[in-house]
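>>> below are the sequence and a predicted model for it; my questions follow.
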Amino acid sequence: MFSKIFKNEYLTTYRHQMAILEKQKHIEKNQSIKILNGELQKTWKDVFSIDDILDFNLGAIKFKDFEWELIKNSAFKTLFSEKYLDSSYKYIMESDDGVILRGCECYYYIAAFKNKSKQLNNEFIINWLKNIRNFLTKSIICLDVKIILSSINKKFILGILDHLRMVSTIMATFNMNLDFSSETQLKIYDSISELYKLKFVKILDSTINQYLNILFKGRFNKSQLIRILKQTIAFIDEDIEKISNIQTLDVLINSFKIHREIDCLIENYISVYNAYVTMSSKNLFDNNKKYLLIAIMNGALEMPLILKTFMHGKRLSFGFFSDYRPYIIRHNNLNNSTKHTITLQSTDLIIMDDNIMTGKSIDNLLNLFKSPINYQTILVRHPNINRINQTRYNGVCININELRQKAYGMTFDSPYTKLKVNTNYGNEFLDELGIFTLTGDLFLKLLYKNGHFAPNSEVSTIRGLLNDKK
């Protein structure tokens, strides 16, 4: 079991164990970033580190202010610089030292325009999809000319792919959720060809490959990218009709989140790659076995697609586990587990998730299987000391010994604020400033500074907290 009952007498030992884990992973992260920077310098001019390309906190492509200012006669810049009538930007956000290629019109539409007191509805999602369609259509026009693959243009193309990755991930999630008949369910696809029948999954897979090819090899297939963009526009039109006919709003609520806690493809890629290398060194892969790669929804959806690129020649099937019960119900004890309903023969599990806090999501998944199974897990981010008080409140914590034996990857820190004892305001586990996720707080502030958002939206609640007027 990945989780165990938390007892106060465990606290000192548990904090010590967590500190040892964090220190080890901090060293591994720095080593991974150093290797990554070396790889980038082989194919990028005037790039010394990933920070010259990416805002690692958000996972978004960025330009420094001086870079942005010096770009002239660029159709890509004209596209991303498009403004509303109030002079705020549609497709970018300005940070204190540069420009982020994500904005309120598409990427953060729900955070910027959804009324917090109202549920998502069909019309709202359809408007968002139309915005995406418009952006992708304009992107095709920018791409359909001769392009010199300079560092500047590579960034713009990565920015387009970032948007394509976002919409394909969300719409793949939506189409999977249409097939889920209960709050807790595992859907299995016997092969990649079966999985590709979910149209947006194939789009996502192609997008990931294009993104990584540009980043690490300095090349991309322009005709293929234009074809993918056109396919995505056609699929969006099909799903607009599908969404207009939806009667049950739960599918929309479970599919279209304000943001994903982890929204950085490179973090996912590095952690999955590190996990694969370590697992290979321990001889955990066998060509005679079949492997079921299971992603825990929603954050881990793209992880099996990344892992399969390393597992050439292996027999693979793909699973996606949804558990949309309220957080407190899923995490507050060890006696509400899912029921044993699935028999698995001659197959090893590789379970993937973005973050881990109590281990309950993994246990709830494992409890679906009847017989003893062989499994390993791949996680993008490791747990941190700063959220121990949340696990204490739930009465459940991670089994550190199981984590060390069965979990791989975990290269990066979890994106959460530090929580003090007895500060579970409204069962939302917010810190004193009302913040749960650091990444969410960051992009909400950038959207607020951009100035285009709806009243009573998530963005509208962000204010300068240190307003010292004398």
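Received, thanks.
>>> helix, strand or coil for Thr411?
Under DSSP: H, G, I helix; E, B strand; the rest coil, Thr411 falls in the strand class.
>>> can you tell me how far it sits from Ile266?
10 Å (C-beta to C-beta, to the nearest Å). (C-beta placed from N, C-alpha, C; glycine too.)
>>> same check, this time on Ile140
Using C-beta to C-beta, Ile140 is found at 25 Å from Ile266.
>>> compare these two (neighbour count), which wins?
Set Ile140 next to Ile266 and count neighbours by other C-beta atoms under 10 Å: Ile266 wins out with 18 against 15.
>>> mind giving me the domain split of the protein?
Split into domains by automatic domain parsing, the chain comes to 3-9+263-437, 58-182+195-255.
>>> what's the least confident stretch among the ones you listed?
Among these, domain 3-9+263-437 has the lowest mean pLDDT, at a mean of 86.
>>> ends of it, what's the gap?
Start and end residues of domain 3-9+263-437 are separated by 22 Å (C-alpha to C-alpha, to the nearest Å).
>>> can you check stretch 428-436 too?
Length of stretch 428-436, first residue to last, C-alpha to C-alpha: 8 Å.
>>> so which bits of it are buried?
Phe429, Leu430, Asp431, Ile435, Phe436 (16 or more other C-beta atoms under 10 Å).
>>> before we move on, what about stretch 435-442?
Ile435, Phe436, Thr437, Thr439, Gly440, Asp441, Leu442.
>>> looking at those residues, which is nearest Phe76?
Leu442 (24.3 Å; C-beta to C-beta).
>>> and the pLDDT for the closest one?
pLDDT recorded at Leu442 is 91.
>>> what about it, helix or strand, and which?
Taking DSSP states H and E as the criterion, Leu442 maps to helix 438-450.
>>> mind listing what the nearest residue to Asp263 once chain neighbours are set aside touches?
Spatial nearest neighbour of Asp263, excluding adjacent residues (C-beta to C-beta, 6 or more residues apart in numbering): Gly59 at 4.6 Å. By C-beta atoms under 8 Å, 6 or more residues apart in numbering, Gly59 lies in contact with Asp162, Ile262, Asp263, Cys264, Leu265, Ile266, Glu267.
>>> just curious, which of those is nearest to Ile296?
Taking the contacts of Gly59 together and measuring to Ile296 by C-beta to C-beta, the closest member is Ile262, at 11.8 Å.
>>> show me where the stretch 251-400 of the chain has helices.
For the stretch 251-400 of the chain, the helices defined by DSSP state H, counting those that start in this stretch occupy 265-281, 303-308, 327-331, 360-366, 388-394, 400-406.
>>> need the max-distance pair from the buried residues of stretch 428-436.
By the measure C-beta to C-beta, Phe429 and Ile435 form the most distant pair in the buried residues of stretch 428-436, at 10.3 Å.
>>> of the helices of the stretch 251-400 of the chain, which is nearest Ile342?
Evaluated over the helices of the stretch 251-400 of the chain, closeness to Ile342 peaks at helix 360-366, with 10.1 Å, by C-beta to C-beta.
>>> re earlier: quick one: closest of the domains of the chain to Gln24.
domain 3-9+263-437 (8.9 Å).
>>> on that earlier part again, now, the buried residues of stretch 428-436 that are in helices?
Residues of the buried residues of stretch 428-436 located in helices (DSSP state H): none.
>>> how about these in CSV, adding distance to Ile27?
Formatted as CSV, the buried residues of stretch 428-436 follow (distance: C-beta to C-beta, whole Å):
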residue, distance to Ile27
Phe429, 29
Leu430, 31
Asp431, 27
Ile435, 28
Phe436, 27
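>>> which among those gets closest to Asp190?
Comparing the buried residues of stretch 428-436 against Asp190 with C-beta to C-beta places Phe436 closest, at 37.6 Å.
>>> touching, the closest one and Lys418? I think so.
No. Phe436 is beyond contact range of Lys418, at 11.2 Å (criterion: C-beta atoms under 8 Å).
>>> now that we have the helices of the stretch 251-400 of the chain, can you turn them into a markdown table and tack on distance to Leu204?
As requested, the helices of the stretch 251-400 of the chain are exported to a markdown table (distance: least, C-beta to C-beta, whole Å):
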| stretch | distance to Leu204 |
| --- | --- |
| helix 265-281 | 10 |
| helix 303-308 | 7 |
| helix 327-331 | 26 |
| helix 360-366 | 22 |
| helix 388-394 | 31 |
| helix 400-406 | 27 |
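>>> of all these, which lies closest to Ile246?
With distances scored as C-beta to C-beta, the stretch of those nearest to Ile246 is helix 327-331 (24.3 Å).
>>> nearest to Ile132 among the contacts of Gly59?
For those, the nearest to Ile132 is Asp162 (12.3 Å; C-beta to C-beta).
>>> and the closest residue to the closest one other than its chain neighbours, how many residues sit next to it?
Using C-beta to C-beta, 6+ apart and skipping residues adjacent in sequence, the residue nearest Asp162 is Ile61, 5.9 Å away. When neighbours are counted by other C-beta under 10 Å, Ile61 registers 24.
>>> on the three-state scheme, Ile61 is what?
strand.
>>> my read is that it contacts Ile53, right?
Yes. Ile61 lies in contact with Ile53 (C-beta under 8 Å); the separation is 6.6 Å.
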